[in-house]
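>>> coordinates for the following, if possible.
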Amino acid sequence: MATSPVVYARVLGPARVTVNGADAPAELMWRKHLALLVYLARSPRGARTREHLIGMLWSDRDDKSARHSLSEALRVFRRVLGAARVRTDVDQVALDTGTLTLDCDQLAARSAAADWASAAALVQGDFLEGLAVPDANEFESWIAAERITWRARGVEALTRWAEAALAAGATEDARTAALRALALDPTAEPAARAAMRTHALVGDRAAALDIGAHLAAALQERLGAAPAPETRRLVERVRDARLGQRVVAAPSGTRPRPPLVGRGDAHARLAAAWRRAAGGAGELVLIEGEPGEGKTRLADDLLDRARLEDATVAACRAVPSDARTPWSGLAGLLAGGLAAAPGLAGAPPAAIAALHALDPDVGARAPTTGGMLDLSRAFAAAVQAAAEEQPVLLAVDDANYLDAATAEALPQLARDLAGRRVLIVVCVAVGSPRLDWVESLRAHLGRELHGDAIRLERLDAAALGTLVRWWLPRYEDEEIARIVRRLERDTAGVPLLVTAVLEAVADGFRLSPDAPAWPSERRTLVDTLPGDLPPAVIGAVCLRFRQLPDGARQVLGAAAALGERLTATALARATGLERGEIDPALDRLEWDRWLVTDARGYAFAAAIARAILLQEMVTPGQVRRYRAAVST
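I've put the predicted structure just below:
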């Protein structure tokens, strides 16, 4: 018994029909034959009356000629599809179920299953793009309606996939999908917002604003409408070159930031926690990893996305000296956004009065009369009031340096805010001295504390290969494999070191052929001295430093000399540079991830980088001069 051919039709975009994987015969692709084939496949039960089909496609002809054309089309169908699959009688024409697989039907099924990645992959353009049958008005009306339907479904699939990719940290995939959706429908606001977010998050603020402008023009021209309030608010947020304190527009002369690789699962879990919390779940997420494994980058990506939404975001980064100052962590969160929360005025006056002692700006926004709550209760009351207005994201980086009072308040805060629109993110470096409050937090997560514990690991060979291809796009597969092996040996897959080496190689640094592997035993950057690192890593860091503009090099050298957390004012005094020179230098250093910032100042993103600079690039005499300039 002969096997029926497998026939597949791509109709989302320029039409293509394949039979057993090969292109269909040309006569099947004739304009009206193709139109008839797809129309029958899209019809209820794959059947239509002869009169209906003639009226649909051959109404311009006399009855005899029209019937002959239909018969000729059916002859072609029987030859190509199989005679048993094309059923006819006096009145009706039908295709057997399963005769033809349409990609639009697959799109509908995958969308219903929320399989947005594979659904989006099917969308290649409008329904039967480019096909027109001008002398068949009924068919033209039908295809116009189908195009509206499938364009909307295609835009939805692409937009949903863009949002999912963004949640997983796949920013480039998200941007591609969102732009494809806009190409289908320039008035699709959810797609435009997704595209704007992706461009903003990679630092291309101008492109994000262009998308907003094109959307507004398309809405006005096609629909006589203006962008929705949500879209207008996003445009205003993007218009600022900063999200909170962080620079999000790439400074002049810099390259884009590399993608966040090897963190798809962690990124998705963190984004899911934020969605649940924003919906009223109230959660705490603990992010743990060795120094240099990307805790800050992972948290920053979520913070940046949340700042582009209608949310209150408060973030701080602890430094070693903070551990000696009670409630310094809470003070950092107040300065880092909580004090400016729109709903804070709704907190009890006694809570406002207590917080005023830590941050005078709190008292400036709301009355402080009456008694005072203790700071732990005031903290919870303030966050609860802020969450009544909009979702709240609190983030503490390098929390292993957090003061005991704030650290002890976080678990109770998470309990008090269960069922509120609050997410607390706590980043802790593995390899630091054991902290009882972190152990307790980890033990209670998933039990009486709602949330998640995310443990980051070093990058594997696949992730390293992705980074090599991004930094060195002209490398062939053999060269990529060779440098991946070298990165595994020299950096042990620590993202901080991997990025430093690849950036230096992209700028001309030559790796020496013989170098000892690091680490000889499994070690972290906490217990590694600069001299213990492979020459390739030290050389890469030094080359990155030398290639900075002069002002940025001076500022970074001063930052290395001065220590933990530094203000722009202190760096200006140390270097003798004017503020107009300091600010662009700091933007460059932050964008290149030498430094990280919160509302209280700047600190080195990695202590090992500071140690290397002090050992290799900043002389003891320079250190003395920088310190003396600040102390006078």
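
>>> quick check: longest helix of the chain.
As assigned by DSSP state H, the longest helix anywhere in the chain is helix 137-167.

>>> right, and the helix or strand after that helix?
Sequence order places helix 171-184 as the next helix or strand after helix 137-167, per DSSP states H and E.

>>> what packs against the helix or strand just after that following helix?
Downstream of helix 171-184, the first helix or strand assigned by DSSP H and E is helix 189-201. The contact analysis (3 or more C-beta pairs under 8 Å, 6 or more residues apart in numbering; DSSP states H and E) places helix 189-201 against helix 137-167, helix 171-184, helix 205-218, helix 229-239, helix 295-307. (Each C-beta comes from the backbone N, C-alpha and C, glycine too.)

>>> out of these, nearest to residue 254?
Among these, helix 205-218 comes nearest to residue 254, with 13.2 Å by C-beta to C-beta.

>>> thought residue 373 was touching residue 354, still the case?
Yes. Counting by C-beta atoms under 8 Å, residue 373 is a contact partner of residue 354 at 4.9 Å.

>>> who's more crowded, these two?
Per other C-beta atoms under 10 Å, whichever of residue 354 and residue 373 has more neighbours is residue 354, with 24 against 21.

>>> which element is the spatially closest residue to that one that is not a sequence neighbour on?
Nearest residue to residue 354, sequence neighbours excluded (C-beta to C-beta, 6 or more residues apart in numbering): residue 378, at 3.7 Å. Using DSSP H and E, residue 378 sits within helix 375-389.

>>> next SSE after that helix?
Note on helix 375-389: by DSSP H and E, the next helix or strand toward the C-terminus is strand 392-397.

>>> and the helix or strand following that next one, what's buried?
Where DSSP H and E defines the elements, the next helix or strand beyond strand 392-397 is helix 404-416. Within helix 404-416, the residues that qualify as buried by neighbour count (16 or more other C-beta atoms under 10 Å) are 405-407, 409-411, 413-414, 416.

>>> which strands or helices does helix 404-416 pack on?
strand 283-289, helix 328-335, helix 375-389, strand 422-429, helix 436-444.

>>> CA atoms only for the second one, dumped as CSV, please.
So that's helix 328-335. The C-alpha coordinates for helix 328-335 follow below in CSV (Å, rounded to 0.1, in the frame of the first residue of the first chain):
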residue,chain,number,x,y,z
SER,A,328,23.6,51.3,57.8
GLY,A,329,21.8,48.9,55.4
LEU,A,330,18.4,50.4,56.1
ALA,A,331,19.9,53.9,55.6
GLY,A,332,21.3,52.7,52.2
LEU,A,333,17.9,51.4,51.1
LEU,A,334,16.2,54.7,52.2
ALA,A,335,18.8,56.7,50.2
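
>>> name the residues that touch it?
Contacts of helix 328-335 with the rest of the structure, by C-beta atoms under 8 Å, 6 or more residues apart in numbering, involve 314-318, 322, 355, 358-359, 361-362, 375, 379, 394, 396, 399, 402-403, 405-407, 409, 598-600.

>>> span of stretch 585-596 from start to end?
Its start and end residues considered, stretch 585-596 measures 13 Å (C-alpha to C-alpha, to the nearest Å).

>>> okay if I get the helices and strands packed on helix 189-201 as CSV plus distance to residue 274 and mean pLDDT?
CSV is the format used below for those (distance: least, C-beta to C-beta, whole Å; pLDDT from 0 to 100):
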stretch, distance to residue 274, mean pLDDT
helix 137-167, 9, 95
helix 171-184, 16, 94
helix 205-218, 21, 94
helix 229-239, 17, 92
helix 295-307, 6, 91
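
>>> for the helix or strand harbouring residue 622, the distance to its chain's centre please.
For residue 622, the enclosing helix or strand under DSSP H and E is helix 620-631. Centroid separation between helix 620-631 and its chain, computed with C-alpha atoms, centre = their mean, to the nearest Å, is 41 Å.

>>> using PDB, write out every CA atom in that helix.
Output of helix 620-631 as PDB, limited to C-alpha atoms (Å, rounded to 0.1, in the frame of the first residue of the first chain):
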ATOM      1  CA  PRO A 620      52.900  53.600  46.400                       C
ATOM      2  CA  GLY A 621      53.800  57.300  45.700                       C
ATOM      3  CA  GLN A 622      50.500  57.800  43.800                       C
ATOM      4  CA  VAL A 623      48.600  56.100  46.600                       C
ATOM      5  CA  ARG A 624      50.100  58.500  49.200                       C
ATOM      6  CA  ARG A 625      49.400  61.600  47.000                       C
ATOM      7  CA  TYR A 626      45.700  60.500  46.400                       C
ATOM      8  CA  ARG A 627      45.200  59.900  50.100                       C
ATOM      9  CA  ALA A 628      46.900  63.100  51.100                       C
ATOM     10  CA  ALA A 629      44.800  65.200  48.700                       C
ATOM     11  CA  VAL A 630      41.600  63.900  50.300                       C
ATOM     12  CA  SER A 631      42.700  64.300  53.900                       C
END
